[in-house]
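Participant: Quick one: sequence plus predicted model below, questions after.
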Amino acid sequence: MKGRSRTCVHLTILCIGLAVNGLSQTANAQKQSDSTRHNLDEVVVTAQYQPQSLRRSVYKMQVIDQKKIEARAATNVQQILSGELGIRFNNDMALGTADISLMGMSGRNIKILMDGVPVLDRGDIRESLNQINAAQIERIEIIEGPMSTMYGSDALAGVINIITKKSKEKTLQLQAQVAEETVGKEYSFGTNKGLHTQQLGASWDNKGWNAQVGILHYDFGGFGADSIGRGQSWKPKEQWLPSVKLGYHANKWDLFYRNDYLLEQILTKLPVNLNTYRAQNKTFTTSRMAQQAQFNYRWNPNLVLNSSFAYTDYARFTRTELIDYRSRTISLTNGDGDQDTAKFNSINFRASAVYNVHDKLSIQPGIEYSWDKASGERIKGMPEISNYAGFVSAEYKPTDRINIRPGVRFNKNSKYDAPPALPSLNTLFRFNNNLSVRLSYARGFRAPSLTELYLNFQDANHDIEGNPELKAENSNSFNGSLTYRKPVNDKSVYSTEIGYFYNVFDNQIVLALAENSTTKYTYVNIANNKTTGISFTNKYTTQNIEWKLGGLLLGLRNDLEASSKLETKYGALNWSPEANVEVMYHIQKTKTRINLFYKYTAKRTNYGSQKNDHGEQEIYLTYTQGYHLADVNVQQRISSMLSVTGGVRNIFNVSQLQSTATSGSVHGGGGNIAFSYGRSYFVSLNVNFNNKLK
């Protein structure tokens with residue numbers, strides 16, 4: 001939405017907010033319990049037999065709850081996750097997208113779920129994380145380490161499960177938000193400069209039925225343009241995200257259907273050629289409809305059936321126009337990939353049962369089927385991949401303080417030899433109510449994606465060719481953690497956790513220069529890659545303040561090192577520390593919340609390769625500069641339904657990171673990596689209306 005139409009949306013939502021606030025004298029002004037009373041014993045659902053407390057889960061997990069999401073005042077998932085230990089984002093400036101890495105592993109090695117259902121991504125990066133309405137997120141659960149036994153391919157590094165908000169029982173809720181943010185120093189209300197978001201949502205629950213609707217409009221004006229407004233380093237992006245959810249809850253069963261639609265447009269305005277006075281506009285349009293249905297049946301207290309079905313229809317369109325400023329004409333170009341459509345479809349079906357044999361033993365058998373298909377001018381043929389899997393796990397609790405959970409998954413793939421069995425063993429030992437230890441082993445697995453196998457991608461910044469000979473990745477992972485949790489009183493708790501992980505990856509899929517070429521890249525398998533690390537987290541929570549201090553020492557090694565002479569000089573692993581601090585302070589008297597988030601990421605080193613002047617492959621040590629990232633904001637509640645938030649992101653104004661890793665990369669040379677558009681300032685107006693139904 002541009003110009004006056006965008007301004008109308010802003011004013012419309014503002015008027016709705018003020019009108020709803022005027023009803024506060026007659027509405028139920030009782031505050032939501034989760035905004036005034038902190039939950040001292042978090043409940044998790046990812047990979048669990050049933051919802052249970054975090055401290056009783058056999059998995060080492062991070063939980064980003066609703067309180068923290070609100071404190072982040074985020075407009076996208078990247079802003080929510082960027083401060084977490086072990087998580088980094090890398091930006092593709094040519095495409096206007098971003099990828100995530102978790103514990104040193106990136107892209108396809110991380111399984112992204114929404115309410116437990118896999119999310120489809122077009123390529124080998126997880127751009128879908130920034131294509132989700134952050135206002136609809138209830139919490140995010142992160143499991144570090146392979147989860148292939150439970151979730152199949154792509155879960156080598158871990159799982160990120162985005163859990164959406166549910167309708168509150170017998171309640172009508174209305175929500176509206178308008179947020180305005182500068183982009184660096186650039187901002188103008190109602191124009192393309194800056195970041196503008198508007199969001200409307202409603203939910204209803206009564207007599208077993210429930211419904212939710214919502215829509216988000218995200219408008220990013222870009223950054224780094226030249227004097228005539230072209231050649232932005234950060235591409236303008238506009239998103240529309242409507243969604244609907246319908247459900248019914250009965251005594252023994254519940255069913256819901258959810259439909260999430262995405263319409264995204266990224267605009268690249270290339271600089272003007274001063275010799276011809278011509279320029280190109282490239283528009284990348286993404287259309288994705290993700291549908292899912294889930295059905296759960298409680299046969300009896302000892303037997304529960306769970307099932308889900310999801311279908312995603314994804315299309316990405318490329319349109320390139322040539323603007324001739326002399327003749328004042330616009331025409332379509334005919335270069336390779338200038339006019340292109342790529343389509344992807346996926347189906348996922350999953351069914352499992354949880355049977356309590358007796359109070360000490362439960363088992364979970366299940367089946368899963370997935371199907372992916374791709375088509376387009378730059379995709380070889382119309383490839384399809386099907387995967388059939390069966391899995392079974394058990395929870396054995398010989399005592400209330402011991403939980404042993406073995407599991408195994410069996411796969412059959414239509415394109416390659418998948419591992420016949422993927423075992424895992426997770427254990428929890430609770431020495432008392434305060435002290436517990438987790439130990440686990442898991443075999444990981446990742447299938448090459450259709451784009452890695454068949455997509456040929458060429459433009460001014462990319463020259464990538466798919467490799468149909470790729471093998472599947474495999475991994476062995478060992479994890480352990482020690483947790484001490486001590487309630488101080490009924491309103492406060494202190495906890496400390498120390499963790500360790502060690503992962504070995506075989507046949508890791510990476511981009512590398514094609515044979516006999518200095519410009520074309522292709523996907524190849526490398527023999528060996530290792531990640532290891534030690535983490536610690538200290539957390540203290542009271543009714544008024546919550547603080548967290550954490551640290552991570554991450555070690556990386558790839559197979560290039562084994563054949564280099566650098567190993568004896570730099571050691572077997574390249575280490576990179578991280579640290580973060582979070583403070584959320586609530587002043588109850590003035591209904592004010594002050595939130596501070598800080599993260600330090602040290603310089604990261606690794607091994608890379610490039611061809612010398614003689615065409616020989618050389619191995620060298622690469623590095624990426626470290627950085628400090630900090631955000632602060634103040635949230636002020638004006639009434640029971642109206643609040644305003646203002647703050648600063650990227651206080652230290654980090655924009656470019658020096659790096660040697662970009663030399664000879666798929667994007668060409670260069671000594672800097674674009675990290676951010678710098679320090680920004682934001683303000684948002686939030687309206688929440690709740691009415692209890694009879």
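Facilitator: Looks like it came in fine.
Participant: Next up, phi/psi of the spatially most central residue of the chain, please.
Facilitator: Using Cα atoms, centre = their mean, the residue of the chain that lies closest to the mean C-alpha position is Leu129, 3.9 Å off. For Leu129, the backbone dihedrals (degrees, to the nearest 10) come out as phi -60, psi -30.
Participant: Repeat that for Gly337.
Facilitator: Geometry field for Gly337 lists phi and psi as phi 80, psi 0, criterion degrees, to the nearest 10.
Participant: next one: the one 5 residues further on
Facilitator: Its backbone dihedrals place Ala342 at phi -120, psi 130, with angles given as degrees, to the nearest 10.
Participant: ok, and the closest non-adjacent residue to the residue nearest to the centre of the chain?
Facilitator: Setting aside the residues directly before and after it, Leu129 is nearest to Val77 in space (Cβ to Cβ, 6 or more residues apart in numbering), at 4.5 Å. (Each C-beta comes from the backbone N, C-alpha and C, glycine too.)
Participant: which ones are touching that neighbour?
Facilitator: For Val77, the contact set (Cβ atoms under 8 Å, 6 or more residues apart in numbering) comprises 129-130, 132, 134, 137, 140, 162.
Participant: so which pair among these is furthest apart in space?
Facilitator: Spanning the widest gap among these are Asn130 and Ile140, at 13.7 Å by Cβ to Cβ.
Participant: C-terminal to the lowest-mean-pLDDT helix or strand in the chain, what's the next element?
Facilitator: Ranking every helix and strand in the chain by mean pLDDT, DSSP states H and E puts helix 33-36 at the bottom, with a mean of 36. Moving toward the C-terminus from helix 33-36, the next helix or strand (DSSP states H and E) is strand 43-44.
Participant: show me the contacts for the residue nearest to Pro271 when sequence neighbours are not counted.
Facilitator: Spatial nearest neighbour of Pro271, excluding adjacent residues (Cβ to Cβ, 6+ apart): Gly231 at 4.1 Å. Shown here is Gly231, whose contacts under the criterion Cβ under 8 Å, 6+ apart are 224-225, 269-271.
Participant: now these: which count as buried?
Facilitator: For the contacts of Gly231, burial is judged from neighbour counts taken by 16 or more other Cβ atoms under 10 Å, and it is met by 224-225, 269-270.
Participant: from the residues you listed, which is closest to Glu181?
Facilitator: Nearest to Glu181 out of the buried ones among the contacts of Gly231 is Gly224 (Cβ to Cβ; 16.2 Å).
Participant: And the closest one, its phi and psi?
Facilitator: When read as degrees, to the nearest 10, the backbone of Gly224 gives phi 90, psi 30.
Participant: coming back round to it: closest to Leu450 out of the contacts of Val77?
Facilitator: The closest of these to Leu450 turns out to be Leu129 (Cβ to Cβ; 19.8 Å).
Participant: wait, Asn281 sits on Thr320?
Facilitator: Yes. The criterion here is Cβ atoms under 8 Å, and Asn281 meets it with Thr320 at 7.2 Å.
Participant: still on that earlier bit, with respect to Lys207, which of the contacts of Val77 is nearest?
Facilitator: In terms of Cβ to Cβ, no member of the contacts of Val77 lies closer to Lys207 than Ile137, at 27.0 Å.
Participant: hang on, the closest one packs against Ile163?
Facilitator: Yes. Taking contacts as Cβ under 8 Å, Ile137 lies within contact range of Ile163: 7.2 Å.
Participant: what about Ser386, which helix or strand?
Facilitator: strand 384-399.
Participant: State the distance from Arg319 to Asp92.
Facilitator: Spatial separation of Arg319 from Asp92 under the definition Cβ to Cβ, to the nearest Å is 19 Å.
Participant: likewise Tyr502?
Facilitator: From Tyr502 over to Asp92 the distance is 30 Å, taken as Cβ to Cβ.
Participant: between the two, who's got more neighbours?
Facilitator: Between Tyr502 and Asp92, counting by other Cβ atoms under 10 Å, Asp92 is the more crowded of the two (18 against 15).
Participant: who's that one bridged to?
Facilitator: The residues listed as beta-bridge partners of Asp92 by DSSP bridges are Thr97.
Participant: On the pLDDT front, check it for me.
Facilitator: Reading off the confidence values, Asp92 has pLDDT 74.
Participant: I figured it hits Arg126, correct?
Facilitator: No. With contact defined as Cβ under 8 Å, Asp92 does not reach Arg126; the gap is 11.7 Å.
Participant: Dump stretch 265-285 to CSV, restricted to CA.
Facilitator: Taking C-alpha atoms only, stretch 265-285 is exported to CSV below (Å, rounded to 0.1, in the frame of the first residue of the first chain):
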residue,chain,number,x,y,z
GLN,A,265,6.9,-8.3,-3.2
ILE,A,266,10.6,-7.4,-3.2
LEU,A,267,11.7,-4.7,-5.5
THR,A,268,15.3,-4.3,-6.9
LYS,A,269,15.9,-1.0,-8.6
LEU,A,270,19.3,-1.2,-10.3
PRO,A,271,21.4,2.0,-10.8
VAL,A,272,21.0,4.0,-14.0
ASN,A,273,23.5,3.3,-16.7
LEU,A,274,24.8,6.9,-17.4
ASN,A,275,25.9,6.0,-21.0
THR,A,276,22.5,4.8,-22.1
TYR,A,277,20.2,6.4,-19.5
ARG,A,278,18.6,3.0,-18.9
ALA,A,279,17.9,1.1,-15.7
GLN,A,280,16.3,-2.2,-14.7
ASN,A,281,13.6,-2.9,-12.2
LYS,A,282,13.4,-6.5,-10.9
THR,A,283,10.3,-7.5,-9.0
PHE,A,284,10.3,-10.8,-7.0
THR,A,285,6.7,-11.8,-6.0
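Participant: List the buried residues for that stretch?
Facilitator: Neighbour counts over stretch 265-285 (16+ other Cβ under 10 Å) mark 265-270, 272, 278-282, 284-285 as buried.
Participant: Also stretch 184-204?
Facilitator: 184, 186-187, 190, 192-201, 203-204.
Participant: In the stretch 501-650 of the chain, where is pLDDT below threshold?
Facilitator: Within the stretch 501-650 of the chain, the stretches with pLDDT under 70 are 515-519, 527, 558-572, 606-620.
Participant: Start from the N-terminal end of it and give the strands.
Facilitator: For the stretch 501-650 of the chain, strands defined by DSSP state E, counting those that start in this stretch occupy the ranges 521-541, 545-558, 574-587, 592-601, 604-611, 617-624, 627-637, 642-649.
Participant: Now tabulate the buried ones among the contacts of Gly231 in TSV and tack on distance to Pro51.
Facilitator: What follows is these, written out as TSV (distance: Cβ to Cβ, whole Å):
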residue	distance to Pro51
Gly224	46
Ala225	49
Lys269	49
Leu270	51
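Participant: State the pair within these that is farthest apart.
Facilitator: Gly224 and Leu270 (13.2 Å).
Participant: Fine by me, thanks again.
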